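K.L.:
What follows is a predicted structure for the sequence shown.
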Amino acid sequence: MLQVMDDLTTPASLTIFTDGSVDPATGAAGAAFVSGQTTKQWRLTDGASCLQAELVAIRGALHHALESHSPHVIIHTDSKSSIQALKDTQPQDNIHLLTSTLLLAQRLAARGCKITLNWVPSHVGLSGNEAADRAAKSAAALPSPTTAVLPSLSQTLLKIKSASHALSRQQHEATVALSSPSASWYAAATAYHPLPQDPSIPPHVRDRLHRLRLGFPCFEEIRQGAVDTTCDHCQVTPPLHSNTTS
């Protein structure tokens, strides 16, 4: 790896190490680059992903390269996903972050600067990479965000899905409180956890399992709140009756 890096480097080249980090405990994200004696750090908007942090670091490195006027810029990153995202000709996510990064690269190329984006493995003892890693983790610990990152499409959809599920459960629990047999069945049978999808189960069996979990269609004795009935197959009494026979 050191030989490869030496082969890339010339006396006139500018070498920059970048890294992004997300604190698993707090969710705070940081980005940083290290180039010689220069270190630049950013704390991202709360909720930013590791990919977004890596891209912010690369974008910051390109900004630094624009100010340096070096004929050759070498950016080292340990993020394969960020390299792949920048190579994608039809990105579906993080559009603003990717286009702003690529615009800086185009500006450098337009003035004749050669850009090398090189992947390096993490935590293998490369001093520049380790310094960037420490700087990114330190940036994530800053007291407040220093740069804004727009939520990605996937993050937005996840938030919408989470909010929708929360509202659906709230409404369902209200229906259970009104002694709805089917709602009580679903709450008792599922505990609001999704049914694992076993590909070995035939589709028609999966359909029946989902209908059973949903309480639809309800059996007549369930709707009427009949006495407990033990299953002839598994010898288990359905949990519904304790919730509906009162």
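P.N.:
It's in.
K.L.:
Alpha carbons only: can I get the longest strand along the chain in CSV?
P.N.:
Longest among the strand segments of the chain by residue count, using DSSP state E, is strand 13-22. Output of strand 13-22 as CSV, limited to C-alpha atoms (Å, rounded to 0.1, in the frame of the first residue of the first chain):
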residue,chain,number,x,y,z
SER,A,13,1.2,16.8,-5.8
LEU,A,14,-1.1,17.8,-2.9
THR,A,15,-1.9,14.8,-0.7
ILE,A,16,-5.1,14.8,1.3
PHE,A,17,-6.6,12.2,3.6
THR,A,18,-10.3,12.3,4.3
ASP,A,19,-12.7,10.5,6.7
GLY,A,20,-16.2,10.6,8.0
SER,A,21,-17.5,9.3,11.3
VAL,A,22,-20.9,8.7,13.0
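K.L.:
What residues of it count as buried?
P.N.:
Across strand 13-22, burial judged by 16 or more other C-beta atoms under 10 Å covers 14-22. All C-beta atoms are positioned from the backbone trio N, CA, C, and that covers glycine.
K.L.:
Tell me the strands beside it, with direction?
P.N.:
Sheet pairing of strand 13-22 (DSSP bridges) gives strand 29-35 (antiparallel), strand 72-77 (parallel).
K.L.:
what does the average pLDDT come to for it?
P.N.:
Averaged across strand 13-22, pLDDT comes to 96.
K.L.:
related to what we said a few turns ago, just put the buried residues of strand 13-22 in JSON lines and tack on distance to residue 153.
P.N.:
Output for these, formatted as JSON lines (distance: C-beta to C-beta, whole Å):
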{"residue": "14", "distance to residue 153": "34"}
{"residue": "15", "distance to residue 153": "34"}
{"residue": "16", "distance to residue 153": "29"}
{"residue": "17", "distance to residue 153": "29"}
{"residue": "18", "distance to residue 153": "24"}
{"residue": "19", "distance to residue 153": "24"}
{"residue": "20", "distance to residue 153": "19"}
{"residue": "21", "distance to residue 153": "23"}
{"residue": "22", "distance to residue 153": "18"}
